[in-house]
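> this one's structure only:
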């Protein structure tokens, strides 16, 4: 999280928040990775408008509400309320290239954007722990929110939102991230519903070993990744049944492929590769196509910057108002 041009008062503020891929196979509900896909929101104060309004331009506009249920708006108001101020008059313009509803953290990005804009409107330097605690209350996915806020690869611990601990490491940009998103969406509550209430000890141990090794190799700077490292037994065996093609995609192997996992709760899959990323994307799309599932493929890399806030230069319109 970084700030630029913090000195100006009453300026329009812009926040940029990256997409995220949570769980990453073995790191269920504790690990997330920021991607170079961005939600950008600009808050412009106004003396003439009534209330707080917004507009949206970007991916999947049919899935984005523009009323008070919008996460950017509601999170903005949430931050203001918890800092003892009334949400201001003004307008929020949102642009996003994050696909919505396919496991790439679009909700977490919206919540972080609103919370950061709201806290900056209140001229408060709110701590990362507080922002993430609010995000956990609003959106409930600390792994996504922590990666969106800090950038890079982040592991997070949340104790009923009273105490949040995060640890970040930069993720190498030479490891390319291949994201294949089916046209089918998976609601988070549905992805949670299919999980069992209890697990066999062997399955927990299997996943814990891989989680520990994944974190150890990444935070040591080695990034010695291999496909079996992403072989989780806590959520992927149950969620892969929700979308035809995911099961086969998780079993896919190719030269240069370091690992593949369900992104978040799905329906996207994310592959990490050091070579042949375009061909890997094509092969994964063919797997889904064989199940008559249309997909979109994106090839990107990690965003190690995290959330960025800037104060935009004020301009004056024909009525003499600051914009």
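That came through fine. Because the structure is a prediction, the values reported are computed rather than measured. Numbers count the residues shown, from 1 in each chain.
> Counting neighbours, show which residues of the longest helix along the chain come out buried.
Using DSSP state H, we find that the single longest helix of the chain is helix 201-219. For helix 201-219, burial by neighbour count (16 or more other C-beta atoms under 10 Å) applies to 206, 207, 210, 211, 213, 214, 215, 218. For every residue, glycine as well, the C-beta is placed using N, CA and C.
> The fifth one and residue 250: what is the separation?
Here residue 213 is placed at a distance of 18 Å from residue 250 (C-beta to C-beta, to the nearest Å).
> hey, where'd the helices end up in this structure?
Ranges of helices in the chain, per DSSP H, are 71-82, 106-121, 128-138, 142-150, 188-193, 201-219, 236-239, 246-250, 277-289.
> Out of the ones you listed, flag the one nearest residue 178.
helix 277-289 (4.8 Å; C-beta to C-beta).
> The closest one packs against which elements?
For helix 277-289, the packing partners by 3 or more C-beta pairs under 8 Å, 6 or more residues apart in numbering; DSSP states H and E come out as strand 176-182, helix 246-250, strand 269-273, strand 295-300.
> roughly how far is it from the heart of the chain?
The chain centre lies 23 Å from the centre of helix 277-289; the measure is C-alpha atoms, centre = their mean, to the nearest Å.
> can you list contacts of that helix?
With C-beta atoms under 8 Å, 6 or more residues apart in numbering as the test, helix 277-289 has contacts from 176, 178, 180, 182, 244-245, 248-249, 252, 254, 256-257, 260, 269, 271, 273, 294-295, 297, 299.
> Tell me the buried residues within those.
Buried by 16+ other C-beta under 10 Å: 176, 178, 180, 182, 244-245, 249, 252, 254, 257, 260, 269, 271, 273, 295, 297, out of those.
> before we move on, back to that, least confident of the helices of the chain, on average?
Comparing mean pLDDT across the helices of the chain, the weakest is helix 188-193, with a mean of 90.
> what about stretch 256-267, start to end distance?
End-to-end distance of stretch 256-267 (C-alpha to C-alpha, to the nearest Å): 23 Å.
> Okay, buried residues for it please.
Buried residues in stretch 256-267, counted by 16+ other C-beta under 10 Å: 257, 258, 259, 260, 261, 262, 263, 264, 265, 266, 267.
> returning to that earlier point: quick check: which of the helices of the chain is nearest to residue 58?
The nearest among these, by C-beta to C-beta, is helix 106-121 at 9.6 Å.
> Show me what the closest one is packed against.
Under the contact criterion of 3+ C-beta pairs under 8 Å, 6+ apart, helix 106-121 touches strand 12-23, strand 27-45, helix 71-82, strand 90-96, helix 128-138, helix 142-150, strand 308-312.
> would you list those in TSV and tack on distance to residue 103 and mean neighbour count?
TSV is the format used below for the helices and strands packed on helix 106-121 (distance: least, C-beta to C-beta, whole Å; neighbours: other C-beta atoms under 10 Å):
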stretch	distance to residue 103	mean neighbour count
strand 12-23	7	27
strand 27-45	11	23
helix 71-82	16	22
strand 90-96	15	20
helix 128-138	17	20
helix 142-150	9	30
strand 308-312	23	18
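> Now for the buried ones among the contacts of helix 277-289: which two are most distant?
The most widely separated members of the buried ones among the contacts of helix 277-289, counting by C-beta to C-beta, are 176 and 244 (25.8 Å).
> Output the lowest mean pLDDT helix or strand found in this structure.
strand 2-4 (a mean of 56; mean pLDDT, DSSP states H and E).
> Distance to residue 190 for the helices and strands packed on helix 106-121 - can I get that in a markdown table?
Formatted as a markdown table, those follow (distance: least, C-beta to C-beta, whole Å):
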| stretch | distance to residue 190 |
| --- | --- |
| strand 12-23 | 15 |
| strand 27-45 | 16 |
| helix 71-82 | 19 |
| strand 90-96 | 23 |
| helix 128-138 | 20 |
| helix 142-150 | 17 |
| strand 308-312 | 33 |
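> right, and these - which one's nearest residue 198?
Distance to residue 198, taken as C-beta to C-beta, is lowest for strand 27-45 among those, at 14.7 Å.
> State the mean pLDDT of the closest one.
pLDDT averaged over strand 27-45 gives 96.
> packing partners for that strand?
Secondary-structure packing of strand 27-45 (3+ C-beta pairs under 8 Å, 6+ apart): strand 12-23, strand 90-96, helix 106-121, helix 142-150, strand 153-159, strand 176-182, helix 201-219, strand 295-300.
> circling back to that earlier point, for residue 90, which of the helices of the chain is the nearest?
Closest approach to residue 90 among the helices of the chain (C-beta to C-beta): helix 106-121, 8.3 Å.
> What are the buried residues along that closest one?
106-121.
> can you check stretch 271-280 too?
In terms of neighbour count (16+ other C-beta under 10 Å), stretch 271-280 has its buried residues at 271, 272, 273, 276, 277, 280.
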